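S.K.: Sequence plus predicted model, see below.
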Amino acid sequence: MDHGQASSDYFRLDDELSADEITLRDRIRAFVDTDILPIINDYWERAEFPHELRPGLAKLGIIGGTITGHGCPGLSRRAAGIVSREIARGDGSINTYIGVHSSLCMGTIDMLGSDEQRARLLPDMATLERTGAFALTEPDHGSDSVALETSARRDGNDWVLNGHKRWIGNGDAADVVVIFARDTEDGHVKGFILEKDDAGKHPSGYQPTVITGKMGKRAILQSDIVIEELRIPEANRLANCNSFHDVSTVLTATRGGAAWEAVGHAMAAYEIAAAYAAERIQFGKPIASYQLVQNKLANMLAELTAMQLMCDRMSELADTGRLTGPMASMVKMSTAQKAKWICSEARDMLAGNGVLIERHIARHLTDMDIVSTYEGTDSIQSLLVGRDITGISAFK
């Protein structure tokens with residue numbers, strides 16, 4: 001539902017898009033409608049990733065996001081946001097897959113890797129011939145990932161890694177895995193690139209197990225990974241990752257993607273609810289004719305519009321080099337909170353029908369619950385903003 005009074009673009013922000021951005025938006029929407037939506041509920045319910053979508057995703061011209069060169073599209077921040085928004089409008093698991101591969105893994109190699117590493121790895125990743133993962137989070141270190149305990153010690157021309165990673169999207173299947181570990185000699189966090197061998201297998205020191213029983217994001221597989229005496233050559237150490245500060249530059253650059261994803265989930269939920277209200281007959285007339293329902297829809301749309309405006313401004317600031325980490329944190333915090341509420345209201349409006357995944361709301365609602373957790377929980381984001389406001393850190 002993109003036109004008329006029930007449009008989710010109430011302030012007509014898409015009117016300001018360039019011709020290329022409109023083409024990009026429409027190309028992704030068509031793919032979502034014809035390729036993702038017809039199959040995703042089945043994969044989501046079975047907790048399996050739809051690898052059949054990879055060729056189509058590769059042809060969309062979105063892999064690599066804002067990276068220029070090496071076969072990547074070099075999108076603006078707003079265009080990259082549109083990608084996250086439109087894919088998430090279809091499904092959050094597919095958006096996470098792209099975010100992990102394109103923004104986190106490829107983005108890290110682009111930002112922190114050497115010229116040789118970029119030239120060797122990014123072209124095949126841009127076509128999804130090789131897929132990527134980003135291994136930062138650990139069982140005991142999520143919000144405080146700066147305290148990660150996975151270790152790396154130098155041994156001749158190799159580095160030997162030992163530790164434990166968890167919640168690593170695509171960690172079981174990725175051909176290229178960026179792993180962060182603490183140098184036992186200088187105590188600083190460094191980055192390493194793990195590659196599958198010629199037979200397509202991970203080395204024995206890398207042992208991933210898919211995490212099961214998730215309430216949301218069920219179609220993206222996340223792994224618990226035990227790392228034991230894993231050898232990585234010096235040539236695969238990220239050349240420009242010498243401290244956690246360098247890691248933070250990647251996280252700040254990608255945090256906006258989670259905010260745009262929240263917009264996509266909220267747009268889908270609002271559109272589904274508005275369409276349902278027009279067709280659902282109770283007491284002899286559409287529920288859209290009742291005051292309570294109109295009040296809900298009006299407030300849902302108001303919050304959605306605020307989210308869209310924040311993300312649009314965030315992208316403008318990022319493209320002109322003025323976006324700060326706390327700004328990104330505020331947008332992520334606010335959009336996640338609003339999107340969770342909108343999805344919950346939509347679920348309530350569909351009543352019993354909202355329980356069924358065939359209506360799609362259940363996916364968006366549970367996926368949004370997870371979006372509010374990753375890339376920094378709402379609580380942590382609030383403390384980052386609070387520190388910027390007061391000059392006082394509440395972390396210690």
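M.R.: Looks like it arrived, so ask away. Residues are numbered from 1 along each chain as shown.
S.K.: any chance you could map the strands in the stretch 1-150 of the chain?
M.R.: 68-69, 72-73, 132-135 (DSSP state E, counting those that start in this stretch).
S.K.: pLDDT on the second one, on average?
M.R.: Per-region confidence: strand 72-73 scores 96 on mean pLDDT.
S.K.: any idea how far Thr131 is from Asp388?
M.R.: For Thr131, the distance to Asp388 (Cβ to Cβ, to the nearest Å) stands at 36 Å. All C-beta spots, glycine's among them, are computed from the backbone N, C-alpha and C.
S.K.: same question, Thr252
M.R.: 13 Å.
S.K.: got it, and His202?
M.R.: Going from His202 to Asp388 by Cβ to Cβ gives 40 Å.
S.K.: Between those two, which is the more surrounded one?
M.R.: Neighbours were counted for His202 and for Asp388 using other Cβ atoms under 10 Å; His202 has more, 20 against 14.
S.K.: burial measure for the nearest residue to that one once chain neighbours are set aside, as a count.
M.R.: Excluding its sequence neighbours, the residue lying closest to His202 (Cβ to Cβ, 6 or more residues apart in numbering) is Lys196, at 5.8 Å. Neighbour count for Lys196, taken as other Cβ under 10 Å: 17.
S.K.: Please pick out the residue of this protein most distant from its centre.
M.R.: Of all residues in the chain, Gly284 has its C-alpha farthest from the mean position, at 42.9 Å, by Cα atoms, centre = their mean.
S.K.: now that residue: how far from Asp144?
M.R.: 57 Å.
S.K.: my read: Gln294 touches Ala278, true?
M.R.: No - checked against Cβ atoms under 8 Å, the pair Gln294 and Ala278 is beyond contact range at 11.4 Å.
S.K.: can you list residues touching both of these two?
M.R.: Ala288 (Cβ atoms under 8 Å, 6 or more residues apart in numbering).
S.K.: what's the spacing between Gly264 and Ile36?
M.R.: 12 Å.
S.K.: which neighbours do those two share?
M.R.: Ile87.
S.K.: When these two are compared, which one has more neighbours?
M.R.: Counting neighbours by other Cβ under 10 Å for Gly264 and for Ile36 shows that Gly264 has the greater number, 29 against 22.
S.K.: what bits of the stretch 101-250 of the chain have low per-residue confidence?
M.R.: Counting by pLDDT under 70, the stretch 101-250 of the chain shows no low-confidence range.
S.K.: what are the ranges of the helices in it?
M.R.: 107-112, 115-126, 244-279 (DSSP state H, counting those that start in this stretch).
S.K.: Ok, which of those comes nearest Val176?
M.R.: Among the helices of the stretch 101-250 of the chain, helix 115-126 comes nearest to Val176, with 6.0 Å by Cβ to Cβ.
S.K.: gap between that closest one and the chain center?
M.R.: 21 Å (Cα atoms, centre = their mean, to the nearest Å).
S.K.: now Ser76, nearest residue through space, not along the chain?
M.R.: Using Cβ to Cβ, 6+ apart, the closest residue to Ser76 is Asp319 (5.6 Å).
S.K.: From Ser84, how far off is the one you found?
M.R.: In terms of Cβ to Cβ, Asp319 sits 15 Å off from Ser84.
S.K.: Between the two, point out the one with more neighbours.
M.R.: Using other Cβ under 10 Å, the more surrounded residue of Asp319 and Ser84 is Ser84, with 28 against 15.
S.K.: how about the more buried one, what does it touch?
M.R.: Asn95, Ile98, Gly99, Gly257, Trp260, Glu261, Gly264.
S.K.: same thing with Ala181?
M.R.: Here Ala181 is in contact with Leu148, Thr150, Ser151, Ala152, Trp159, Leu161, Gly163, Val189, Lys190, Phe192 (Cβ under 8 Å, 6+ apart).
S.K.: Over to Asp91?
M.R.: Val32, Ile36, Leu37, Ile40, Trp44, Ala219, Arg363, Asp367.
S.K.: Glu16: which of the helices of the stretch 101-250 of the chain is closest?
M.R.: Among the helices of the stretch 101-250 of the chain, the nearest to Glu16 by Cβ to Cβ is helix 244-279 (15.3 Å).
S.K.: what distance separates whichever helix or strand comes after the closest one from the centre of its chain?
M.R.: Next helix or strand after helix 244-279 toward the C-terminus (DSSP states H and E): strand 281-282. Relative to the mean C-alpha coordinate of its chain, strand 281-282 is positioned 38 Å out (Cα atoms, centre = their mean).
S.K.: Direction included, what does strand 281-282 pair up with?
M.R.: Using DSSP bridges, strand 281-282 pairs in its sheet with strand 285-286 (antiparallel).
S.K.: Outside of the strand it pairs with itself, list whatever touches it.
M.R.: Against strand 285-286 from outside (Cβ under 8 Å, 6+ apart): Ala277, Ala278, Glu279, Arg280.
S.K.: switch the cut-off to 6 Å
M.R.: Ala278 (Cβ atoms under 6 Å, 6 or more residues apart in numbering).
S.K.: could you give me the average pLDDT of it?
M.R.: In the prediction, strand 285-286 has an average pLDDT of 96.
S.K.: Kindly report the same for stretch 374-382.
M.R.: pLDDT averaged over stretch 374-382 gives 86.
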